[in-house]
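Undergrad: 3D model of this:
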Amino acid sequence: MGLFKSLFAPKEAKFVEVAPFGARYEVPSGQTMLEAALANGIPFPHNCTVGTCGSCKCKLKAGRVSALSDFGYTLSQQEIAAGFILACQAIPKDPLTQVEVEIQALDAPPPEKFTGKLVDTQTLTHDIVRITVELDRPIKFIAGQYANLKSPNINRARNYSFADAPDREGLASVNFFIRKVPGGAFTEELFAGRLKDIALDVEGPHGAFHLHAGTAPMICIAGGSGLAPLLSLLEAGRQDRVKRPCAFLFGARTQADLYALEQIQAIASSWADKFVLMPVLSHEPADSAWTGARGLVTQFITDAMPGIDWSNAEGYMCGPPGMIDAGIASMTETGMRLDKIFYDKFTDESHISKMP
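TA: Numbering: from 1, shown residues only. Model (predicted):
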């Protein structure tokens, strides 16, 4: 009889409390913490809702959750160890779950929908191109943010960071650095030349990656097409005369995979404080004429800016998941605080396909 009652008894309600909003809401069976929050009108930070962007990252203060997909695909091991979860992939297991979200001091314009047309494509490396998209009207964004691009022939939009510094009046023509993803629906069309003169759906701006106010030394690391948001951020910082020491490490496989160095050097030459540029090559032939750094880019953080107070420094990273995870490990080992490390992890269809 006891078993019969337990099978048909109503399930215990599960509630979530969100600080600092002071919000409390119920999570119905079959919904994630994020879905229930949005259904209750709670302004929970989010964007992709599938566990790849990290926008809904929050700190678990009390209670337990189960994950629809491994948090480790997006969060670092250090963040997971510190108690961070993704609300879009979290199902509460206890009657009460308490989480805390970071309130972003980001006065970004609200996302809008635009129509865009591909007007130029420039080859940067064997697998990265710069595309120029002309919009039906100017778009306003914060340096470091991204837009969703979608062609009529694919079902899901792709996220690409702006490679331009923003303009107060908005930009009607915007640039993106796009890496070819084998089998990727959007990039296969792009690299095959099938997007020319086709109307693209553009939505943005999105994302919370941005330069935080302050004068602390900043360490920037980019890998592959992850150069785009950092170029946007640094070019805006140069224009705004941001005065803080900066070390910029650009990781690539070989010399042929380096690009936009003249643009970075132009930023360095007019930066308002000390600026160190350090390209690092991981697979450059041993017998080449390259005299720069060799190895993993995340191994050269202290070399790029020695003798600083690392507990006061900030880290900014954009690139593939492996680089971001290694960078967080290296930065925290120097003494940099985890809450002073900001990143945009570039996942693609190959990462999404691995998710359960």
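Undergrad: CA atoms for contacts and neighbours, from now on please.
TA: OK.
Undergrad: name the nearest residue to residue 55, ignoring sequence neighbours.
TA: In space, and not counting its chain neighbours, residue 55 is closest to residue 46: 4.7 Å by C-alpha to C-alpha, 6 or more residues apart in numbering.
Undergrad: next, that neighbour: secondary structure please.
TA: Here residue 46 is coil, with the state taken from DSSP: H, G, I helix; E, B strand; the rest coil.
Undergrad: before we move on, what about residue 37?
TA: Assigned state for residue 37: helix (three-state reduction, three-state DSSP).
Undergrad: neighbours of it, how many?
TA: 23 (other C-alpha atoms under 10 Å).
Undergrad: next up, the contacts around the residue nearest to residue 55.
TA: In this structure, residue 46 makes contact with 54, 55, 56, judged by C-alpha atoms under 8 Å, 6 or more residues apart in numbering.
Undergrad: let me see the confidence value for the second one.
TA: Put plainly, it is residue 55. The predicted structure scores residue 55 at 78 on the pLDDT scale.
Undergrad: then residue 127?
TA: Note for residue 127: predicted pLDDT of 94.
Undergrad: which residues are in contact with it?
TA: 179, 180.
Undergrad: what's around residue 256, how many residues?
TA: 12.
Undergrad: and it, which of the three is it?
TA: Put simply, residue 256 is helix when judged by three-state DSSP.
Undergrad: and the residue lying closest to it once chain neighbours are set aside, helix, strand or coil?
TA: Beyond its immediate neighbours in the sequence, the residue positioned closest to residue 256 (C-alpha to C-alpha, 6+ apart) is residue 125, lying 6.6 Å away. Secondary structure assignment for residue 125 (three-state DSSP): coil.
Undergrad: tell me the spacing between residue 125 and residue 344.
TA: Computed as C-alpha to C-alpha, to the nearest Å, the residue 125 to residue 344 distance reads 21 Å.
Undergrad: ok, the two, which is more surrounded?
TA: The residue with more neighbours, out of residue 125 and residue 344 and counting by other C-alpha under 10 Å, is residue 344; that gives 27 against 15.
Undergrad: thinking again about what came up before, if I look at the residue nearest to residue 55, how far off is residue 207?
TA: The separation that residue 46 has from residue 207, given C-alpha to C-alpha, amounts to 9 Å.
Undergrad: quickly list what's touching both of the two.
TA: Counting by C-alpha under 8 Å, 6+ apart, the residues touching both residue 46 and residue 207 are residue 55.
Undergrad: picking that back up, what sits against the residue nearest to residue 256?
TA: If you count contacts by C-alpha under 8 Å, 6+ apart, then residue 125 has 256, 257, 258, 259 around it.
Undergrad: reformat the residues you listed as CSV; add distance to residue 68 and pLDDT.
TA: Rendered in CSV, the data for the contacts of residue 125 read as follows (distance: C-alpha to C-alpha, whole Å; pLDDT from 0 to 100):
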residue, distance to residue 68, pLDDT
256, 40, 96
257, 36, 96
258, 38, 96
259, 38, 96
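Undergrad: for PyMOL, write a command that selects the buried ones of those residues.
TA: What follows is the PyMOL syntax for the buried subset of the contacts of residue 125, where burial is set by 16 or more other C-alpha atoms under 10 Å:
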select buried, resi 257+258+259
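Undergrad: turn the contacts of residue 125 into CSV, columns for distance to residue 142.
TA: Formatted as CSV, the entries for the contacts of residue 125 read as follows, by distance: C-alpha to C-alpha, whole Å:
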residue, distance to residue 142
256, 31
257, 27
258, 26
259, 23
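Undergrad: which one among the contacts of residue 125 gets closest to residue 115?
TA: If you rank the contacts of residue 125 by distance to residue 115 using C-alpha to C-alpha, residue 259 comes first, at 28.8 Å.
Undergrad: wait, the closest one touches residue 122, no?
TA: No. No contact is recorded between residue 259 and residue 122 when judged using C-alpha atoms under 8 Å, the distance being 11.6 Å.
Undergrad: of the contacts of residue 46, closest to residue 222?
TA: Ranked by distance to residue 222 (C-alpha to C-alpha), the contacts of residue 46 are led by residue 54 at 17.9 Å.
Undergrad: do I have it right that that closest one meets residue 86?
TA: Yes. Distance between residue 54 and residue 86: 6.8 Å, which falls inside the contact criterion (C-alpha under 8 Å).
Undergrad: domains of the chain?
TA: The chain breaks down into these domains under automatic domain parsing: 13-100, 112-206, 218-347.
Undergrad: for those domains, which has the smallest mean pLDDT value?
TA: Mean pLDDT across those is lowest at domain 13-100; the value there is a mean of 87.
Undergrad: just give me how far it sits from the chain centre.
TA: For domain 13-100, the gap between its own C-alpha mean and the chain's C-alpha mean amounts to 18 Å (C-alpha atoms, centre = their mean, to the nearest Å).
Undergrad: and if you look at stretch 97-115?
TA: The offset between the C-alpha centroid of stretch 97-115 and the centroid of the whole chain comes to 13 Å, using C-alpha atoms, centre = their mean.
Undergrad: which residues does that stretch contact?
TA: The contact list for stretch 97-115 (C-alpha under 8 Å, 6+ apart) reads 14-20, 44-45, 57-65, 135-137, 140-142, 199-206, 208, 210.
Undergrad: with stretch 239-246 instead?
TA: Under the criterion C-alpha under 8 Å, 6+ apart, external residues in contact with stretch 239-246 comprise 214-220, 271-276.
Undergrad: on that earlier part again, are any of the contacts of stretch 97-115 buried, and if so which?
TA: If you count burial by 16+ other C-alpha under 10 Å, the buried members of the contacts of stretch 97-115 come out as 14-19, 44-45, 57-60, 65, 135, 140-142, 199-206, 208, 210.
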